[in-house]
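Visitor: give me coordinates for this.
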Amino acid sequence: MRILLTEGSSTSARQAITALALAGHEVAFCDPAPFCLARFSRLVAHRHRCPPLGTDPEGFRVALRGLLAAGTTDVLLPIHEQGYLVARVADELRPHAALALPSFEAYARVQTKLGFRDLLTELGLPQPRTRLLDDPGHLLRQDTYPFVVKTALGTASRSTWLIRSAADRERAAAAIGRLAADEGPVLVQEWVSAPLEQAQAVLQQGRLVGFHATRRLIEGGGGGAALKESVRRPRVAQDLARIGAHLSWHGALSVDYFIDGSGEHPLYIDGNPRLVEPMAATLAGLNLADLLVKVSVGQPIPTCRTGAPAIRTRLSLQAVLGAALGSGSRRAVLGTLARLVRGAEPFAGAREELTPIRLDPPSALPVLGLALALLARPESAPALVRRGWGAHLLTPDAMRRIRSMS
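Guide: Coordinates of the predicted model:
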């Protein structure tokens, strides 16, 4: 199949390229950035520049429709937040390419922090204790640390703050104050000290057909995982199946959650209406990106497929960035690089998700560039993390404009 990804800057897009190429598909992407992660790959057949979703959603819509109308795409795969727009205008895109998305109303419920919180409440699914503050100024009265603050329309890792002190609280309150007045209520959520995991699913007309879960062993930059291990989570699979049936979900769906030692009691903290870094599942024997293509074209999937447990995977880029964020020292960056190259602990036996150098040698270039930048200025790590939240992603203003589209 000829697949078009809706961006090429995220780690999810970069991993989807590898997974789709391994399944024999021809992969293209569109992105507003001339240089992005997907640019450094020999597995990409075509690269297209497009207007930025965050500031020009209508321009992105027109460009995407034009690419599909050219007749060179079999399947459109919304790999990141562009799915919000694609779900809104799906009827005008489906005549040109196959597409697996639920209704826009269902998609929007999982896209936002407030919508996902309300969905969990509606279904009686477990989540940390959460309060809504209609007046963001009331945040300054919260003094039971630590806790988490989220804005209602926040997407991905943005607009989420872990508050450990009064200084953290004041910085978050100032950032929220700079947002638009109609952002909606602020979510204040208790902090849970427990392992963090992520589960990904593919559903076909409300039925679960693919499931994989991983535990974060080492944190990387921006809350991502530098080292993961696949786990069996039948309870989480059941909960995702409930969500999918309730929303008549069609396509990809992911959740983040804390979990206790038994693995039976998750607390869901975030949802994403898409695949998130699908190579961990691929390396565990379940190619979710390829399964999503099959669902997109209407191929029946009779049973639910799962990946193998106890498979460790790593993201070298996240590991290097996490070392700089955690210490701010060159020694930590060099030490992490040395352990990655030697395959030493804690990375021993872990397979690479993001930069499969033997399969795709150009994929190493972003990691090398990041390493050199951090060795020159380790203190620049926070700015490099923020740079990943680029123009290819949603903004609250773009979301409002998309909702008003005909």
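
Visitor: so how far is Asn272 from Arg65?
Guide: 24 Å (Cβ to Cβ, to the nearest Å). Placement of C-beta: from N, CA and C, glycine included.

Visitor: I should have written Leu370 there, sorry.
Guide: Taking Cβ to Cβ, one finds Leu370 at 24 Å from Asn272.

Visitor: what sits up against stretch 333-348?
Guide: Applying Cβ atoms under 8 Å, 6 or more residues apart in numbering, the contact partners of stretch 333-348 are 217-218, 227, 314, 316, 319-320, 322-324, 349-350, 371, 374-375, 378.

Visitor: buried among those? Need that as a selection in ChimeraX.
Guide: Here is the ChimeraX command that selects only those of the contacts of stretch 333-348 that count as buried (16 or more other Cβ atoms under 10 Å):
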select :217,218,227,314,316,319,320,322,323,324,350,371,374,378
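
Visitor: need the max-distance pair from the contacts of stretch 333-348.
Guide: Gly349 and Pro378 (28.0 Å; Cβ to Cβ).

Visitor: how about the nearest residue to Gly8 once chain neighbours are set aside, what does it touch?
Guide: Computed as Cβ to Cβ, 6 or more residues apart in numbering, the closest residue to Gly8 that is not its neighbour in sequence is Ala38, at 2.9 Å. Applying Cβ under 8 Å, 6+ apart, we find Ala38 in contact with Leu5, Gly8, Ser9, Ala13, Arg14, Ile17, Phe29, Asp31, Val44, Arg47.

Visitor: of these, closest to Pro300?
Guide: Leu5 (24.6 Å).

Visitor: returning to what we had before: quick one: which of Arg65 and Asn272 has more around it?
Guide: More neighbours surround Asn272 than the other of Arg65 and Asn272, with 22 against 14 (other Cβ atoms under 10 Å).

Visitor: next one: that one from Ala310, what distance?
Guide: 24 Å.

Visitor: same question, Asp31
Guide: 35 Å.

Visitor: same check on Leu68?
Guide: From Leu68 to Ala310 the distance is 41 Å (Cβ to Cβ).

Visitor: before we move on, what about Ser254?
Guide: Taken as Cβ to Cβ, the span from Ser254 to Ala310 is 21 Å.

Visitor: export only the CA atoms of stretch 392-406, formatted as CSV.
Guide: Backbone C-alpha positions of stretch 392-406 (Å, rounded to 0.1, in the frame of the first residue of the first chain) are rendered in CSV as follows:
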residue,chain,number,x,y,z
HIS,A,392,2.9,20.5,13.2
LEU,A,393,0.9,20.2,16.4
LEU,A,394,-2.4,21.5,17.6
THR,A,395,-3.0,24.7,19.5
PRO,A,396,-6.1,25.6,21.4
ASP,A,397,-6.8,28.3,18.7
ALA,A,398,-6.4,25.7,15.9
MET,A,399,-8.8,23.4,17.8
ARG,A,400,-11.4,26.1,17.9
ARG,A,401,-11.0,26.9,14.2
ILE,A,402,-11.2,23.2,13.3
ARG,A,403,-14.4,22.8,15.3
SER,A,404,-16.0,25.6,13.3
MET,A,405,-15.1,24.1,9.9
SER,A,406,-17.9,23.0,7.7
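
Visitor: quick one: low-confidence parts of the stretch 101-250 of the chain?
Guide: 154-158, 179-183 (pLDDT under 70).

Visitor: need the longest strand for the protein.
Guide: Secondary structure of the chain per DSSP state E: the longest strand is strand 207-219.

Visitor: buried set for that one?
Guide: Leu208, Val209, Gly210, Phe211, His212, Ala213, Thr214, Arg215, Arg216, Leu217, Ile218, Glu219.

Visitor: go on, stretch 78-97?
Guide: In stretch 78-97, the ones that count as buried by 16+ other Cβ under 10 Å are 78-90, 93, 96-97.

Visitor: off-centre distance for it?
Guide: 17 Å (Cα atoms, centre = their mean, to the nearest Å).

Visitor: how long is it from one end to the other?
Guide: One end of stretch 78-97 to the other measures 12 Å (Cα to Cα, to the nearest Å).
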